[in-house]
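**Student:** I would like to see how this sequence folds:
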Amino acid sequence: MATDLPAVVARRSALVDLALAGTALSVWEIRFGSLGPYFNADAAVHGAMVLRPIDSSFIYYWGQGRLGSVVPAMGKLFHLLPGVGAAEAAQFAAYLCSALALLLALGLLRTLPAKVLLFALCAFPPTELAGAFLTAGQPACGLFVFSLLEIRALLRMLGAP
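**Tutor:** Numbering: from 1, shown residues only. Sure thing, here's the model as predicted:
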């Protein structure tokens, strides 16, 4: 029985990427806790959005230019779990968005050392940088996901492996 070596390598690479992104998510939760690197008024707005019903006021609010409703919409799902508060649910959604962005970025890299370096930079950032891409009230976590999806789509259109 012949094995398709490129498919096996791609599967292993995807598993490594998933393990690294999952580890980063765990590191962020342990290091920064359930309210993130900075819990401030911007982050509290996302917690409040988790509590709102989904209607026209939920989808469009002052932070729409900052991907306003993406994190709170995801947070609504986590808030359904017993014992998970609204602010914690929004923060976990921000962690999850950042982990998804890391997963997408890792998929663009071909070598294990490059993947480990990117993982280390993202999993153990200085607090100021973590505040920018891990705090629920900041736009970076969602923007990274959408930007990396666009890059991957462009590479597919260009026929890159």
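
**Student:** Can you check which helix is longest in the protein?
**Tutor:** helix 5-32 (DSSP state H).

**Student:** looking at the protein, which helix or strand is least sure?
**Tutor:** helix 56-59 (a mean of 64; mean pLDDT, DSSP states H and E).

**Student:** Quick check: next helix or strand after that one?
**Tutor:** helix 70-79 (DSSP states H and E).

**Student:** Against which helices or strands is that following helix packed?
**Tutor:** Helices and strands touching helix 70-79, by 3 or more Cβ pairs under 8 Å, 6 or more residues apart in numbering; DSSP states H and E, are helix 41-51, helix 86-106, helix 140-158. Bear in mind the C-beta positions are built from the backbone N, C-alpha and C, glycine included.

**Student:** For residue 129, find the nearest of these.
**Tutor:** Smallest distance to residue 129 across the helices and strands packed on helix 70-79 (Cβ to Cβ): 9.6 Å, for helix 140-158.

**Student:** Next, the buried residues of the closest one.
**Tutor:** For helix 140-158, the neighbour count (16 or more other Cβ atoms under 10 Å) marks 140-145, 148 as buried.

**Student:** pLDDT weak spots in this structure?
**Tutor:** For the chain, the stretches with pLDDT under 70 are 1-3, 56-68, 160-161.

**Student:** switch to 50 and redo it
**Tutor:** 62 (pLDDT under 50).

**Student:** So what's the residue count around residue 135?
**Tutor:** Using other Cβ atoms under 10 Å, residue 135 has 27 neighbouring residues.

**Student:** Let me have the helices and strands packed on helix 70-79 in JSON lines, adding distance to residue 12 as columns.
**Tutor:** Shown next, in JSON lines, are these (distance: least, Cβ to Cβ, whole Å):
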{"stretch": "helix 41-51", "distance to residue 12": "36"}
{"stretch": "helix 86-106", "distance to residue 12": "13"}
{"stretch": "helix 140-158", "distance to residue 12": "19"}
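
**Student:** Skipping adjacent residues, who's closest to residue 28 in space?
**Tutor:** Spatial nearest neighbour of residue 28, excluding adjacent residues (Cβ to Cβ, 6 or more residues apart in numbering): residue 95 at 5.2 Å.

**Student:** Hmm, residue 115 is touching residue 105, no?
**Tutor:** No. Residue 115 lies out of contact with residue 105 (Cβ atoms under 8 Å); the separation is 9.2 Å.

**Student:** coming back round to it: pull up the gap between the residue nearest to residue 28 and residue 84, please.
**Tutor:** For residue 95, the distance to residue 84 equals 13 Å [Cβ to Cβ, to the nearest Å].
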